[in-house]
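Participant: Sequence plus predicted model, see below.
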Amino acid sequence: MTFYKRINECNMFNEINYFKFYVKNFHVGYIKKKNLNLIKKFPNILKFDNQKVLLDKKFNNFNKRSLAIDKIFKYLVKKKKITSKHREFFPVFHLFKFKPLLKIQRLLGPFFGIQFFGTHINGFVKKKNKFFMWIGKRSKKGNFPNALDQIVAGGLPYELSVKKNLIKEAYEEANISKSLITNAKYIGTISYRVENKIGLSRYLLFCYDLELPHNFIPKNNDGEVLRFYLWPIDKILKIIKTSRRFKFDCALVIINYALKKKIINSTKLNSLLNINEDTKILKGSKIN
């Protein structure tokens, strides 16, 4: 396995297998053609037109749109197409600088191919010109049990700014204080598209670097991390390069970190990390 393969695995998407999904004439998602029979049961909510699925224009505000899509969510739960009991609303944007068009359950995101957002932190320590990074091993509580993870990584819920979500996730996952997390440096975004059983998972990740004190020891507060390790970056990159032990999106963020720190030198890898056009949604946005 190579870094190229790890990145490419997160960008395999054949648009021919999907209908584009529109809300208020804005293209916001992708619906797998195999799922069309499920949603054709909602002609009062969704309209079909020339390889497109459109939310009916009568749902003309945030609340109406959110309630309409939530009916489809409840139907998919009833039909056991969605089995997880996790409930959390995520925003659906046309442009990130504007208010969201609606909110939907996080679990429904891949069904509609909605682009969601996440915040990831590379928590590193520098010792004698060598880089070490804190790595978490995920518990069995959530998705990807026992996979390796960054010190902090989480999705962006509805009604939380990137900054507030960063503070919340840092405390919950690693007991990083608000005063310490303010030292985190925003280094840009990466995006991915991954097909799964229900549809297309699309995320744009806000990436941060945080240099941690040598005496800092992370402590998990939400039960999602089993234990932490402080490993040299070379060891971490070798694991990413030779196995799938890391959760796939965390591997992307760490590869990006290594490129920016010039631990890895590759113009091709840099371009591969940005082969999606999903970053257009951030046009004109202020992230911090």
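Facilitator: That came through, no problem.
Participant: So what touches the helix or strand that contains residue 132?
Facilitator: Using DSSP states H and E, residue 132 maps to strand 130-138. For strand 130-138, the external contacting residues (CB atoms under 8 Å, 6 or more residues apart in numbering) are 122-126, 144-151, 173-174, 212, 218, 220, 224-233, 236, 247, 254, 257, 261, 263. All C-beta atoms are positioned from the backbone trio N, CA, C, and that covers glycine.
Participant: Mind checking which of the residues you listed land in strands?
Facilitator: Among the contacts of strand 130-138, DSSP state E puts 122-126, 148-150, 225-232 in strands.
Participant: Show me just the buried residues among the residues you listed.
Facilitator: Among the ones in strands among the contacts of strand 130-138, those classed as buried by neighbour count (16 or more other CB atoms under 10 Å) are 122, 123, 124, 125, 148, 149, 150, 225, 228, 230, 231.
Participant: what would those residues look like in a markdown table with pLDDT and distance to residue 4?
Facilitator: Putting these into a markdown table (pLDDT from 0 to 100; distance: CB to CB, whole Å) gives the following:
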| residue | pLDDT | distance to residue 4 |
| --- | --- | --- |
| 122 | 97 | 21 |
| 123 | 97 | 26 |
| 124 | 97 | 24 |
| 125 | 97 | 28 |
| 148 | 96 | 20 |
| 149 | 95 | 22 |
| 150 | 95 | 21 |
| 225 | 93 | 29 |
| 228 | 97 | 29 |
| 230 | 98 | 28 |
| 231 | 98 | 23 |
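Participant: Now do the residue nearest to residue 160 when sequence neighbours are not counted, the pLDDT please.
Facilitator: Once flanking residues are discounted, residue 160 sits nearest to residue 168: 6.9 Å by CB to CB, 6 or more residues apart in numbering. Listed pLDDT for residue 168 reads 96.
Participant: circling back: pull the most distant pair out of the ones in strands among the contacts of strand 130-138.
Facilitator: 126 and 226 (26.0 Å; CB to CB).
Participant: which regions of the stretch 151-288 of the chain lie under the pLDDT threshold?
Facilitator: In the predicted model of the stretch 151-288 of the chain, residues 274-277, 288 satisfy pLDDT under 70.
Participant: Could I get the full set of strands for the stretch 51-200 of the chain?
Facilitator: For the stretch 51-200 of the chain, applying DSSP state E, counting those that start in this stretch gives strands covering 52-55, 89-92, 102-105, 115-127, 130-138, 148-150, 152-155, 185-195, 200-211.
Participant: Next, format those as CSV and append distance to residue 40.
Facilitator: Listed next are the strands of the stretch 51-200 of the chain as CSV, based on distance: least, CB to CB, whole Å:
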stretch, distance to residue 40
strand 52-55, 10
strand 89-92, 21
strand 102-105, 19
strand 115-127, 24
strand 130-138, 38
strand 148-150, 39
strand 152-155, 29
strand 185-195, 21
strand 200-211, 19
